[in-house]
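S.K.: Sequence isn't available, so here's the structure alone:
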């Protein structure tokens, strides 16, 4: 993930069934990445926000990133 002034690398490891569609798998990874980002101090404090690109927002976690 590249932000305005930094690069953030997230490691997501999920147990997903082979029967899940590629869209379901993408949603699971985006959801886990957002979970990790919510724990970072700058986002947890509300000092920073993160917006997903339109094509990811359709797949992603509906919860806003700031707490």
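M.R.: In hand now; what should we look at? Remember, it's a predicted structure, so these values are computed and weren't measured experimentally.
S.K.: gap between the residue in the chain sticking out farthest from the centre and residue 26?
M.R.: In the chain, residue 19 marks the outermost C-alpha relative to the chain mean, sitting 22.4 Å out by C-alpha atoms, centre = their mean. Residue 19 is 15 Å from residue 26, where distance means C-beta to C-beta, to the nearest Å. C-beta coordinates here come from the backbone N, C-alpha and C atoms, glycine included.
S.K.: related to what we said a few turns ago, ok, now how distant is the residue farthest from the centre of the chain from residue 25?
M.R.: Distance, residue 19 to residue 25, by C-beta to C-beta: 11 Å.
S.K.: Now residue 16. Nearest residue, chain neighbours left out?
M.R.: Residue nearest to residue 16 in three dimensions, not counting chain neighbours: residue 25, with 5.5 Å by C-beta to C-beta, 6 or more residues apart in numbering.
S.K.: what's the helix or strand harbouring that neighbour packed up against?
M.R.: If you go by DSSP states H and E, residue 25 is part of helix 22-38. Helices and strands touching helix 22-38, by 3 or more C-beta pairs under 8 Å, 6 or more residues apart in numbering; DSSP states H and E: there are none.
S.K.: Next secondary structure after that helix?
M.R.: helix 41-44.
S.K.: Quick check, pLDDT for residue 65.
M.R.: Looking at residue 65, its pLDDT is 48.
S.K.: go on, residue 40?
M.R.: In this prediction residue 40 is given a pLDDT of 86.
S.K.: looking at this structure, which helix or strand does the model trust least?
M.R.: Ranking every helix and strand in the chain by mean pLDDT, DSSP states H and E puts strand 2-3 at the bottom, with a mean of 61.
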